[in-house]
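Visitor: here is a sequence together with a model predicted from it:
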Amino acid sequence: MLFSPEKIRQDFPILKTGLIYFDSASSSLTPEPVLQKMLEFYHEYRANVGRGVYRLSQEANEEYERARAKVAGFVNAKSENEIIMTKNTTEGINTVASGLKWEKGDKIVISALEHHSNYIVWLRLKKRFGVEVEVVMPKEPKIRGILELSDFEKAIDDKTKLVAVTHASNVLGTILPTTEIAKVAHEHDALMLIDAAQSAPHMKVDVRKIGCDFLAFSGHKMCGPTGCGVLFMKGDVMDSVEPLSIGGGSIEDVEIDDYRLNKTAKRFEGGTPPVAEVIGLGAAVDYLQGIGMENIEKYEKELASQMHEEFCKIPKIEIYGPPPKRKISILPFNVGDLNSHDVALALDVTASIMTRSGHHCALPLMKAVIKKSGLVRASTYFYNTREEVDKLVEAVRKIAENLAV
């Protein structure tokens, strides 16, 4: 597919209404090819997977497993058996948190940049088992949200059982040096988990190059449907993780008084999975790879630079996060002392621009680092245009000018 934002936008009917969507960090839009693939399932082979020998069930199962293989290729897993289909990133992280065996004295290292989904699960272990949770804080000025490798080298020690960090912050966009952090973790025999909810849709993610043991992301942020996500789990650690739930589909055999779990990734997929959604996720992978992850990353860097440069020219605007070269295409900001919700509402009402506002499910970051009750976040994707960025800049400028008056 030739990369052309204008042509690509034709695949997203919602954009034809005239609205400007700058909230892809929360949930991306879904293109027609993905929707059509899901409809194909409902129209042509609507049946359960792994349950029947009849043709519809066999075709559904083949499409489901084909999607798993596509995802494996998307993140460069060694095999599709390292890919577990989940509900979302949160379920993937909880699977690891609940599945590992914890003892008092174990240590978990996280960062202050984490989404609640990769924060409170570890605090719960602290309450339950007495594990130690060390939070790595960003360097000054903290509002830039920069974390260096040296910060993790100081925190990770021989007591550390797991390092769990975001690949890219959902609030500030900061990209962490995950490959280097994983190396330090493994030097101390610790496991490495990455929350890739914000990175997988926007850049090439290679689990073998990173060297992580676990990596979780969601389909709905990468042009896929809601209700499906992925947990990559390295093959050699799979036996040390208990499934979050078990049932039909997760077993190899059951006796009257005993059971034996499936030896494959299916052991973590008890019950009927979201078949149409997973098939849709496979189509989303095809769609993104057709555009090219390198093209997506390059284009979004250009949009990020444009937003940053233009916002820096607007009086009474406070921008958070690192410079564009060190983050994904997210621009968090505040306008004077205005409440972030009021700004987001004004952008919607006056210019049909959709942005996210509030604490963004990252209260520790907001309270301890940003020290604000909330902020406005504009996040782009490959279907956004430079003209839309210009309109965002102009709309925010008008809000700031009215504030000055």
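Guide: Ah, there it is.

Visitor: show me what the host helix or strand of Ala97 packs onto, helices and strands only.
Guide: Element membership for Ala97, per DSSP states H and E: helix 89-99. The contact analysis (3 or more CB pairs under 8 Å, 6 or more residues apart in numbering; DSSP states H and E) places helix 89-99 against strand 83-86, helix 120-129, strand 191-195, strand 214-218, strand 229-233. No exception for glycine: its C-beta is placed from N, CA and C like everyone else's.

Visitor: can you redo these as CSV with mean neighbour count?
Guide: CSV is the format used below for those (neighbours: other CB atoms under 10 Å):
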stretch, mean neighbour count
strand 83-86, 26
helix 120-129, 15
strand 191-195, 27
strand 214-218, 28
strand 229-233, 28
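
Visitor: phi and psi next, for the residue nearest to the spatial centre of the chain.
Guide: For the chain, Ala197 is the residue whose C-alpha lies nearest the centre (CA atoms, centre = their mean; 0.6 Å). Per-residue torsions, Ala197: phi -60, psi -40 (degrees, to the nearest 10).

Visitor: got it, and the one 10 residues further on?
Guide: Main-chain dihedrals, Val207, degrees, to the nearest 10: phi -70, psi -30.

Visitor: how far away is the closest residue to Glu103 other than its chain neighbours from Glu91?
Guide: Of all residues not flanking Glu103 in the chain, Phe129 sits nearest, at 6.7 Å (CB to CB, 6 or more residues apart in numbering). The gap separating Phe129 from Glu91 is 21 Å, by CB to CB, to the nearest Å.

Visitor: ok, Pro13 next?
Guide: Counting by CB to CB, the separation of Pro13 from Glu91 is 29 Å.

Visitor: what about those two, which has more around it?
Guide: Glu91 (20 against 13; other CB atoms under 10 Å).

Visitor: the spatially closest residue to that one that is not a sequence neighbour bridge partners, please.
Guide: Closest residue to Glu91 apart from its sequence neighbours, by CB to CB, 6+ apart: Gly229 at 6.4 Å. Residues in a beta bridge with Gly229, per DSSP bridges, are Thr86, Ser218.

Visitor: ok, Gly229 touching Met222?
Guide: No - using CB atoms under 8 Å, Gly229 is not in contact with Met222, being 9.9 Å away.

Visitor: show me how far the longest helix that the chain contains is from its chain's centre.
Guide: Determined from DSSP state H, the single longest helix within the chain is helix 55-75. Remark: helix 55-75 is offset 22 Å from the chain centroid, using CA atoms, centre = their mean, to the nearest Å.

Visitor: now swap in stretch 17-33 and tell me
Guide: That offset, for stretch 17-33, works out to 16 Å (CA atoms, centre = their mean).

Visitor: and Lys154, how many residues sit next to it?
Guide: 11.

Visitor: just say helix, strand or coil for it.
Guide: helix (DSSP: H, G, I helix; E, B strand; the rest coil).

Visitor: what's near enough to touch it?
Guide: Neighbouring residues of Lys154 by CB atoms under 8 Å, 6 or more residues apart in numbering: there are none.

Visitor: next one, pLDDT for it please.
Guide: pLDDT recorded at Lys154 is 97.

Visitor: show me the helices in the stretch 301-405 of the chain, by range?
Guide: 340-351, 363-365, 386-404 (DSSP state H, counting those that start in this stretch).

Visitor: can you list the domains in the chain?
Guide: 5-30+292-404, 34-290 (automatic domain parsing).

Visitor: how about Tyr381, what does it touch?
Guide: Counted by CB under 8 Å, 6+ apart, Tyr381 has contacts 24, 28-29, 201-202, 296, 300, 329.

Visitor: so of the residues you listed, which ones are in helices?
Guide: Using DSSP H, these in helices are 296, 300.

Visitor: if we can go back for a sec, from what I see, the residue nearest to the centre of the chain and Leu215 are in contact.
Guide: No - counting by CB under 8 Å, Ala197 stays clear of Leu215, with 10.1 Å between them.

Visitor: before we move on, the earlier item: just how off-centre is the helix holding Ala97 within its chain?
Guide: So, by CA atoms, centre = their mean, the centroid of helix 89-99 is 14 Å from its chain's centroid.

Visitor: report how many residues lie close to His341.
Guide: 13.

Visitor: what's the closest non-adjacent residue to Val165?
Guide: Residue nearest to Val165 in three dimensions, not counting chain neighbours: Ser111, with 5.2 Å by CB to CB, 6+ apart.

Visitor: over to Thr30?
Guide: Distances taken as CB to CB, 6+ apart put Cys223 closest to Thr30, at 5.9 Å, once the chain neighbours are dropped.

Visitor: same question for Lys159.
Guide: Lys107 (4.3 Å).

Visitor: roughly how far apart are that neighbour and Val349?
Guide: From Lys107 to Val349 the distance is 48 Å (CB to CB).

Visitor: residue contacts, Cys228?
Guide: Contacts of Cys228 (CB under 8 Å, 6+ apart): 85-88, 218-220, 274, 277-278, 280-281.

Visitor: and for the residue nearest to it when sequence neighbours are not counted, the neighbour number?
Guide: Nearest residue to Cys228, sequence neighbours excluded (CB to CB, 6+ apart): Glu277, at 3.8 Å. Applying other CB under 10 Å, we find 23 other residues in the vicinity of Glu277.

Visitor: ok so, going back, out of Lys107 and Val349, which sits in the busier spot?
Guide: Higher neighbour count among Lys107 and Val349: Lys107, with 19 against 9, using other CB under 10 Å.

Visitor: helix, strand, or coil at the residue of the chain most remote from its centre?
Guide: Ranked by distance from the centre of the chain (CA atoms, centre = their mean), the top residue is Ile256, with 41.3 Å. Ile256 carries the three-state label coil when classified by three-state DSSP.

Visitor: and Lys101, what helix or strand is that in?
Guide: Short version, using DSSP H and E: Lys101 is in no helix or strand.

Visitor: show me the shaky parts of the protein.
Guide: 1-2, 404-405 (pLDDT under 70).

Visitor: kindly recompute the last result at 90.
Guide: 1-5, 50-51, 139-143, 248-249, 403-405 (pLDDT under 90).

Visitor: where's the nearest residue to Val34 once chain neighbours are set aside, which helix or strand?
Guide: Nearest-residue entry for Val34: Ala283, 4.5 Å, with adjacent residues in sequence omitted and distances by CB to CB, 6+ apart. Element membership of Ala283 [criterion: DSSP H and E] is helix 275-291.
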